[in-house]
Structures are given as C-alpha cells and as structure tokens.
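K.L.:
Got a predicted structure plus its sequence, pasted below:
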Amino acid sequence: MSIRTILTQEDPTLYKVCHPVTRFDGRLADLLDDLRETLTEANGVGLAAPQVGILRRAVVVVPDPEKDEMIELVNPEILAQEGEEEDWEGCLSLPGMWGRVKRPKWVKIRAQDRNGNWFETEGADLAARCFCHELEHLEGHMYDEHADRLYTAEELDEILANEEGQGGKPKKRRRRR
C-alpha cells in the first residue's frame, strides 16, 4: 500500500469520464488499498480513483465519520434517490475551499466489491452527499459546478460562527471529500 498524490482542479484528468472496471485482480486490490490509505492520510470522507490519476470507476467512502468504516464501491451507480438538502461541501481536489451544494437527502447505490460481487447500500444525509460527490468524479465532474461560489476555510468558519450566534445550531466543519 502507498499514499498517492491527490490531483487538484488544474489537472485535466479530473474532467474525464472513467472506464468501468472489468478485471478484479491484484491491481484493483492495490488501487483500493491505496485509495483507503490516501483517504485516511488526507482526513477525508471520500476519494475517487480519478483524484489519484486513475481513470477507473472505483471510490472509497466513509459514510459515517463517527464509525470510521470505509466502503469500497467499484462500478457504482445510483439506483434511487429521494429528497433534497443543501449543505456545505468540500473536496480533496479543491483544498481549502467550500461551497453550498444541493444533493439528494437519501440515495441507494448498486456497486461491486473488490472481488466483483454486486451489492446494494444506501445512505442518508452525509452518506448520500458523499456517494453523489464521489460518483460525480467518475463522470468527470466536481462539486464546484453546483456551488454559486466557493469560500475559504476562514470565510466558512466566520459564516458558521455567525449562524450559531443567530440561534442556529452549532455546526462543525466536515472533513473534506
């Protein structure tokens, strides 16, 4: 296993559509292990293969940061989605930047594991947001396409502090995806 370099928005690789995974072998296992290690090192909640320069349909997601479990999704697709919520979102490929993005409140995903076995999973709130965010990377898209504007971490901290001061519920900044 090794930590890979995470590409940033200037890299054209991030804007290309990924190819389906057709070989479930040691190379895929190595990629998934590297994605896991890279994501852990970066303190994120999701990482897609194109973010490390590999144009394959593979992602790892931490659907609940309190549990620190990672799910590997190979050739994932959204089967169903419900609701809508707008919340703050960041990305490891846009370091230090945040934007408000509308995403489904709940999604159901179908994917393969590292051995090629199909499975389904679902997630709400942050998990749904992570699934959608990472699957967009596989299509060559990034979250900033949905945000009206990007904010620095300092601007976000100020906004959240003001919201809390005006009676809003306290929010902690989420880890990057």
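P.N.:
On my side now, so go ahead. All values derive from a computational prediction rather than experimental measurement. Numbering: from 1, shown residues only.

K.L.:
Now do the helices in this protein.
P.N.:
Along the chain, counting by DSSP state H, helices occupy 26-42, 126-138, 153-165.

K.L.:
contacts for the first one?
P.N.:
Meaning helix 26-42. With contacts defined as Cβ atoms under 8 Å, 6 or more residues apart in numbering, helix 26-42 is touched by 1-4, 6, 21, 45-47, 49, 52, 54, 56, 58-60, 62, 70, 72, 74, 92, 114, 176. Glycine gets a C-beta too; all of them are placed from N, C-alpha and C.

K.L.:
From these, keep the buried residues only.
P.N.:
By neighbour count, with 16 or more other Cβ atoms under 10 Å, those hold 4, 6, 21, 45-47, 49, 52, 54, 56, 58-60, 62, 70, 72, 74, 92, 114, 176 as buried.

K.L.:
Looking at the residues you listed, which are in strands?
P.N.:
Judged by DSSP state E, these include 46-47, 58-60, 72, 74 as members of strands.

K.L.:
now, among the residues you listed, which is nearest to E154?
P.N.:
Of all those, E154 sits closest to G46, with 23.5 Å by Cβ to Cβ.

K.L.:
helices or strands up against the helix or strand bottoming out on mean pLDDT in the chain?
P.N.:
Least confident helix or strand of the chain, by mean pLDDT, DSSP states H and E, is helix 153-165 with a mean of 87. Packing partners of helix 153-165 (3 or more Cβ pairs under 8 Å, 6 or more residues apart in numbering; DSSP states H and E): strand 94-103.

K.L.:
tally of neighbours for the closest residue to S2 other than its chain neighbours?
P.N.:
Distances taken as Cβ to Cβ, 6 or more residues apart in numbering put D34 closest to S2, at 5.6 Å, once the chain neighbours are dropped. By other Cβ atoms under 10 Å, 19 other residues sit near D34.

K.L.:
separation between D34 and W98?
P.N.:
26 Å (Cβ to Cβ, to the nearest Å).

K.L.:
for E69, same thing?
P.N.:
Going from E69 to W98 by Cβ to Cβ gives 24 Å.

K.L.:
ok, these two, which is more surrounded?
P.N.:
A count of neighbours by other Cβ under 10 Å puts W98 above the other of E69 and W98, at 26 against 10.

K.L.:
can you tell me which residues contact the more buried one?
P.N.:
Per Cβ under 8 Å, 6+ apart, neighbours of W98: 88-90, 150-153, 155-156, 173.

K.L.:
export stretch 83-99 as PDB, just CAs?
P.N.:
The C-alpha coordinates for stretch 83-99 follow below in PDB (Å, rounded to 0.1, in the frame of the first residue of the first chain):
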ATOM      1  CA  GLY A  83     -35.500  14.400  -1.000                       C
ATOM      2  CA  GLU A  84     -33.100  17.300  -1.300                       C
ATOM      3  CA  GLU A  85     -30.900  19.200   1.100                       C
ATOM      4  CA  GLU A  86     -28.400  22.000   0.700                       C
ATOM      5  CA  ASP A  87     -25.200  21.900   2.800                       C
ATOM      6  CA  TRP A  88     -21.500  22.700   2.800                       C
ATOM      7  CA  GLU A  89     -19.200  20.600   0.800                       C
ATOM      8  CA  GLY A  90     -15.500  20.400   0.200                       C
ATOM      9  CA  CYS A  91     -13.200  18.300  -1.900                       C
ATOM     10  CA  LEU A  92      -9.600  17.000  -1.500                       C
ATOM     11  CA  SER A  93      -9.000  18.100  -5.100                       C
ATOM     12  CA  LEU A  94     -10.100  21.700  -4.200                       C
ATOM     13  CA  PRO A  95      -8.100  22.000  -0.900                       C
ATOM     14  CA  GLY A  96      -9.200  24.800   1.500                       C
ATOM     15  CA  MET A  97     -12.400  25.600  -0.400                       C
ATOM     16  CA  TRP A  98     -16.000  25.100   0.400                       C
ATOM     17  CA  GLY A  99     -19.400  25.600  -1.300                       C
END
